[in-house]
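K.L.:
fold the following for me, if possible:
(chains A and B)
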Amino acid sequence: MHNLGTVFRFEVIRTLKKKSFWIGALSFPIIIGLMFAIIFLSNKSLDDAEEDMKDAQFSLAVTDTAGHVNPSILKSVKAQTTDDKEQAISDVKSGKLDAYYYYPQDLTKDRVEVYAKDVGLFDNSKYESVAKSLLQATASAEVDPQATQVLQDRVGFTAVTYKNGQQFDGFKELILPGLFLVLFYLLIAMFGNQMLTSTTEEKENRVIEMILTTIQARTLIIGKILALIVLALIQMVIILIPIILAYLLFRTQLDLPNLDLTSIPIDPTRIIISALIFIFSFLLFTGLLVAIGAAAPTAKEAGSFFTVVIVFIFGPLYAFPLFISMPDALLVKVLSLFPLTAPVPLMLRNAVGNLTTIEAILGILILAVCAVIALAVAIRLFRYGALEYSKRLSLGAIFKREA
Amino acid sequence: MAQADTPIISIEHFKMTFGGKTVISDLSFEVKRGEVFGFLGSNGSGKTTTIRALLGIYQPSGGKLHINGKPFAVDGGTKLGYLPEERGLYKKESVLDVMLYFGQLKGLSKDEARKRSLAYLERVKLTDKANTQLEKLSGGQQQKIQLGITVMNDPDLLILDEPTKGFDPVNRRLLMDIIEEHQKAGATVIFVTHQMEEVERLCDRIILLKDGTAHAYGSVADVKKKFGGLSLDDIFIKVYGDENAAAEESN
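P.N.:
Numbers count the residues shown, from 1 in each chain, chains lettered A, B, ... in the order given. Next up, the predicted model:
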């Protein structure tokens, strides 16, 4: 294993030199950055529009026979009242008037009519906004402020729940154990394909014989896996740094909630269980993907198996409500203990707190044993199967070689 | 520690079958320490299979294949230089990066690997290609790089499977010079080839593989004597001519 460091360095450095790595690594934060920028700009535009609306200076005529709008409010926006709807519309058409509002007798049945001079796709919305705000301002002035809060759904609530006599916040409790599920998802999504093709390169480049007579297959595979883990961590940092910076610097502008990290509960047992499930799940799927890569003749063919693996791993997410509300259901038990589907249900149920100790121990053991088997099979497939350049290998053929 | 008079390679009753088809039925021979040994045979006669089984890439179906008295292991103490018949390197990487990688895997320090790589590149007139991606090199240039990697660690045992394949006469001469240098430095060389001219020039002893067994085995002079003083070219035609004719007929 003395060559492990050499393999590790070679794999990390050559991947970091690849444009494709940086395109992949930077595209995610760039997309996130663009989204934040769009949210920021749209929030700013909205604020600006609201500000503009307050100071909106345009000539306005209003027909309000039922008196839905308080005359003093109409006066404050310098609106003139009229009973001649046709004339007012004609004035708008000719440009003598900027806007005309027609408030119907019964607002529950008929619509408010707005006629206005075009001022551009986005700015045209100010006419409707002003028509609406005239009604809202009138209603607010006449209704009890408490009732206004209720009607506008602005009432705040504080809920305190208890479990075993202790204050318990289910959402906050799942944050730390749930992070491992998110991490697992991101790692497989971003590096699954790389794991799959990590050994096909030696095969496709016909370099396998030189490698196998220079270092042990085990050293090469472990070196590659360690390199993938480090590259994944680098990618996580690249993704997280802009998100954290955006949160810290632009939280208010982006309308993001204020997270009080000190209030997040830390349950060491559940965190350790999640960490163990995460580690063995990651090793299991790494072994599986490397084994598929070693068995398939080309990266392209290996890629077609990737979808199958992804269905097994993330398919259980569709049963999300079941894992939370019916932890004793047979399907939940089966999905939690079948090695290929186990990672998501185990991590999810541990995060929400309905994974029993027995299930946790059993699940971790199953994943650990399967991870060791998958890695051993991967190494063996690579060792004895890699010379079958143009053939897809069967496990039977590989293990028959022992005889 | 291996004795100087013990064979570096000993193969006893080696048998190899693939999917019920016997490629090697019963093969036994030895390679002495420090000699250049020619491993000859027609296409598909099992030369590469024997080498791969000797190096543990294939599991033999039977028999013993030993290097320095034991089955080959990467960390078994034998300094091996192996140029396989199937050529290839990491095509997307630069020449120097790949040479440094293999040099370090073969036990050299990074500095030593760099020193030896640059010296070799200068010798084969590829210094200006040190930072070029391997895939941008010609086939012959890539082969020279692979040969450089093979001999970079001054191997005790050099196994070259059809090393001249694809080389022009100039580069073939360069290869022969390199082989001779290593032999003079004490390395044992196994030379798998069809080029009888090279065998005559370099090899001390040879083996001719036919029908999965050793058809002829001994010093070049002994083998020639066995075939009535024919040249190696004529011996090759005499031994394998029928096979080739049959193959052509079936084609």
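
K.L.:
let's see stretch B:116-126 as PDB, backbone CA atoms only.
P.N.:
Provided in PDB are the C-alpha atoms of stretch B:116-126 (Å, rounded to 0.1, in the frame of the first residue of the first chain):
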ATOM      1  CA  ARG B 116      15.600   9.900 -15.300                       C
ATOM      2  CA  SER B 117      12.500  10.900 -17.400                       C
ATOM      3  CA  LEU B 118      14.200  14.000 -18.700                       C
ATOM      4  CA  ALA B 119      17.400  12.200 -19.500                       C
ATOM      5  CA  TYR B 120      15.400   9.500 -21.400                       C
ATOM      6  CA  LEU B 121      13.400  12.200 -23.300                       C
ATOM      7  CA  GLU B 122      16.600  13.800 -24.300                       C
ATOM      8  CA  ARG B 123      18.000  10.600 -25.500                       C
ATOM      9  CA  VAL B 124      15.000   9.800 -27.700                       C
ATOM     10  CA  LYS B 125      14.800  13.400 -28.900                       C
ATOM     11  CA  LEU B 126      11.400  14.100 -27.200                       C
END
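
K.L.:
so the residue of chain A found nearest chain B, which state does it fall into?
P.N.:
Proximity of chain A to chain B (Cβ to the nearest Cβ) peaks at residue A:206, 2.8 Å away. Yep, even glycine has a C-beta here, placed from its N, CA and C like the rest. Secondary structure, DSSP: H, G, I helix; E, B strand; the rest coil: residue A:206 is coil.

K.L.:
can you check the one 5 residues further on too?
P.N.:
Per three-state DSSP, the secondary structure class of residue A:211 is helix.

K.L.:
in space, what's closest to it - neighbours in sequence excluded?
P.N.:
Residue nearest to residue A:211 in three dimensions, not counting chain neighbours: residue A:202, with 5.8 Å by Cβ to Cβ, 6 or more residues apart in numbering or on different chains.

K.L.:
got the contact list for the strand or helix carrying that neighbour?
P.N.:
When elements are assigned from DSSP states H and E, residue A:202 belongs to helix A:200-204. Helix A:200-204 is contacted from outside by A:207-208, A:211, A:220, A:293-294, A:296-299, A:302, A:386, A:389, B:90, using Cβ atoms under 8 Å, 6 or more residues apart in numbering or on different chains.

K.L.:
make CSV from the residues you listed and add secondary structure to it.
P.N.:
Shown next, in CSV, are the contacts of helix A:200-204 (three-state DSSP):
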residue, secondary structure
A:207, coil
A:208, helix
A:211, helix
A:220, helix
A:293, helix
A:294, helix
A:296, coil
A:297, coil
A:298, coil
A:299, helix
A:302, helix
A:386, coil
A:389, coil
B:90, coil
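
K.L.:
strands of the chain, start to end?
P.N.:
Because you didn't say which chain, this covers chain A. A:60-64, A:79-81, A:99-103, A:113-116, A:162-163, A:166-167 (DSSP state E).

K.L.:
wait, chain B was what I had in mind.
P.N.:
Shown for chain B, the strands assigned by DSSP E span residues B:9-18, B:21-31, B:36-41, B:62-67, B:80-83, B:157-161, B:188-193, B:205-210, B:213-219.

K.L.:
these: which one's closest to residue A:273?
P.N.:
Of all the strands of chain B, it is strand B:80-83 that lies closest to residue A:273, at 47.1 Å by Cβ to Cβ.

K.L.:
helices or strands up against the closest one?
P.N.:
The contact analysis (3 or more Cβ pairs under 8 Å, 6 or more residues apart in numbering or on different chains; DSSP states H and E) places strand B:80-83 against helix B:139-151, strand B:157-161.

K.L.:
how about CSV for these, with mean neighbour count, distance to chain A and mean pLDDT added?
P.N.:
CSV is the format used below for the helices and strands packed on strand B:80-83 (neighbours: other Cβ atoms under 10 Å in any protein chain shown; distance: least, Cβ to the nearest Cβ, whole Å; pLDDT from 0 to 100):
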stretch, mean neighbour count, distance to chain A, mean pLDDT
helix B:139-151, 20, 7, 91
strand B:157-161, 23, 9, 93
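
K.L.:
residue B:55 is nearest to which of these?
P.N.:
The closest of the helices and strands packed on strand B:80-83 to residue B:55 is strand B:157-161. By Cβ to Cβ, the value is 7.4 Å.

K.L.:
so which of the strands of chain B comes closest to residue A:60?
P.N.:
Smallest distance to residue A:60 across the strands of chain B (Cβ to Cβ): 89.3 Å, for strand B:80-83.

K.L.:
what sits up against the closest one?
P.N.:
With contacts defined as Cβ under 8 Å, 6+ apart, strand B:80-83 is touched by A:209-210, A:213-214, B:51, B:55, B:67, B:72, B:146-147, B:150-153, B:155-161, B:163, B:182, B:187.

K.L.:
nearest to residue A:167, of the contacts of helix A:200-204?
P.N.:
Nearest to residue A:167, judged by Cβ to Cβ, of these is residue A:293 at 49.3 Å.

K.L.:
pretty sure that closest one sits against residue A:193.
P.N.:
No: using Cβ atoms under 8 Å, residue A:293 is not in contact with residue A:193, being 9.8 Å away.

K.L.:
higher neighbour count, these two?
P.N.:
Legend: neighbour count by other Cβ atoms under 10 Å in any protein chain shown for residue A:293 and residue A:193, higher for residue A:293 (30 against 18).

K.L.:
ok, and for stretch B:70-85, which residues are buried?
P.N.:
The neighbour-count check on stretch B:70-85 (16 or more other Cβ atoms under 10 Å in any protein chain shown) flags B:72, B:74, B:78, B:80-85 as buried.

K.L.:
what sits up against stretch A:225-235?
P.N.:
In contact with stretch A:225-235 (Cβ under 8 Å, 6+ apart) are residues A:4, A:7-8, A:11-12, A:15-16, A:21, A:24-25, A:187, A:190-191, A:194-195, A:198, A:286, A:290.

K.L.:
re earlier: and of the strands of chain A, who's closest to residue B:201?
P.N.:
Proximity to residue B:201 (Cβ to Cβ) singles out strand A:162-163 among the strands of chain A, at 86.7 Å.

K.L.:
many thanks, I have nothing further to ask.
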